[in-house]
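Visitor: sequence plus predicted model, see below.
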Amino acid sequence: MYIFVRNHERYMALNYFKRYVWLIELISRHGYISKRDIDSAWCRSSLNELRERNIPERTFHNHREAIESIFGIRIDFKRGLGYYIENPDDLDGEGIRSWLLESMSLSNLLNESADMRSRILFEKVPSSSKWLTFIVNAMREGKAVTLTYKSFRNTEPYTFETHPYCLKVFRQRWYMLARTPGKEELRIYSLDRIADIEVLDTPLLLPENFDAADFFSDYFGIIIGHNIKPSILELKASAEQARYLESLPLHSSQKAVETTPEYTIFRYKIVPTFDLKQEILSRGATLEVLSPEWFREEVISEIKQMIKKYD
């Protein structure tokens, strides 16, 4: 009976959470929307399992309060126009709340478009989410963990203690930045390479001033260049590639310093790591490294080795 009650509570909590995201997305999409139109949309929603004709007033305002408490999103009302998001810029920000909103909005959309699932394709993503709860709980409780880990360099898994600093998503994979006793430098571990995790009673050794966003601010991707300082990187992009980079910058420091009808030169302050080199090479002839010279030579050497493969 206890298990049934707990499972029912989890189901109800998740159901309400989906409702909150649905309501945020609906109001955001319309800009302003009346309660009548909200009720009309609710009648058609797949989340409305009880087929209610409307969202009761008290329930609706409870949802508004919960949304502000959980997401920091305030739903206000303007006479003659309806309900609206008072702080819409927060929906497009970075961080876990924005990521969660986007993920849940997509989930709701797919649930309400079951007839379209065969025409909406996704990339296969390595499973790693099952370890997220363990790591997040360990970080919250300030505990170290024991990992059983199988890297691509080793044929057999090995077990060791490590201290999780933060989690980061890159290329649809989850990674953990951690300090391992006996290792001088911080290391990155891919969650899909983890075979097992045990949360220890050992206190987590985390510097008081550690800031995850600041730590990765000079990098592209997740590979850390421990012995490389940030450089002024200049890339020459074709006109078409430049438009792509303007819409989706490679890095937050990106700045256009020269623009012509044929090309644009972008400048960055960044650590030139393997991840960055691979990204540049993936753009083919549309991108050229101008500086620093040593990094340009690395890219040239990589291109020459690629050419030899096809000789």
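Guide: Thanks, I have the structure now.

Visitor: would you map out the domains in the chain?
Guide: 2-119, 129-215, 231-309 (automatic domain parsing).

Visitor: so is residue 162 in a helix, a strand, or just coil?
Guide: Three-state secondary structure (criterion: DSSP: H, G, I helix; E, B strand; the rest coil) places residue 162 in strand.

Visitor: from memory it sits against residue 178, does it?
Guide: Yes. Between residue 162 and residue 178 there is a contact at 4.4 Å, judged by CB atoms under 8 Å. Any C-beta I mention is one placed from the backbone N, CA and C, and that applies to glycine too.

Visitor: shared neighbours, the two?
Guide: Each of 187, 189 lies in contact with both residue 162 and residue 178 under the rule CB atoms under 8 Å, 6 or more residues apart in numbering.

Visitor: quick one on the thing from earlier: closest to residue 222 out of the domains of the chain?
Guide: In this view, those are compared for proximity to residue 222 by CB to CB, and domain 129-215 is the closest at 4.7 Å.

Visitor: that closest one: how far from the chain's middle?
Guide: Using CA atoms, centre = their mean, to the nearest Å, we find the averaged C-alpha position of domain 129-215 to lie 17 Å away from the chain's own average C-alpha position.

Visitor: okay if I get the domains of the chain as TSV plus mean pLDDT and mean neighbour count?
Guide: Compiled in TSV, the domains of the chain are given as follows (pLDDT from 0 to 100; neighbours: other CB atoms under 10 Å):
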stretch	mean pLDDT	mean neighbour count
domain 2-119	75	14
domain 129-215	88	15
domain 231-309	95	15
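
Visitor: out of those domains, nearest to residue 224?
Guide: Distance to residue 224, taken as CB to CB, is lowest for domain 129-215 among the domains of the chain, at 6.5 Å.

Visitor: among the domains of the chain, which is nearest residue 221?
Guide: Comparing the domains of the chain against residue 221 with CB to CB, the closest turns out to be domain 231-309 (2.9 Å).

Visitor: what's the end-to-end length of that closest one?
Guide: For domain 231-309, the first-to-last residue distance is 31 Å (CA to CA, to the nearest Å).

Visitor: got the domains of the chain as JSON lines, with distance to residue 224 columns?
Guide: Shown next, in JSON lines, are the domains of the chain (distance: least, CB to CB, whole Å):
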{"stretch": "domain 2-119", "distance to residue 224": "20"}
{"stretch": "domain 129-215", "distance to residue 224": "6"}
{"stretch": "domain 231-309", "distance to residue 224": "7"}
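
Visitor: between these, which one is closest to residue 225.
Guide: With CB to CB as the criterion, residue 225 lies closest to domain 231-309 of the domains of the chain, at 4.5 Å.

Visitor: give me the helices and strands touching the helix or strand that contains residue 62, please.
Guide: Here residue 62, judged by DSSP states H and E, is contained in helix 57-71. Applying 3 or more CB pairs under 8 Å, 6 or more residues apart in numbering; DSSP states H and E, one finds that helix 57-71 makes contact with helix 2-30, strand 75-78.

Visitor: what helix or strand is the residue most central in space within the chain located in?
Guide: Taking CA atoms, centre = their mean as the criterion, residue 169 is the residue nearest the geometric centre of the chain, at 5.1 Å. For residue 169, the enclosing helix or strand under DSSP H and E is strand 158-170.

Visitor: after that strand comes which helix or strand?
Guide: Sequence-wise, the next helix or strand downstream of strand 158-170 (DSSP H and E) is strand 173-179.

Visitor: tell me the helix or strand right after that next one.
Guide: Following strand 173-179 in sequence order, the next helix or strand is strand 187-190 (DSSP H and E).
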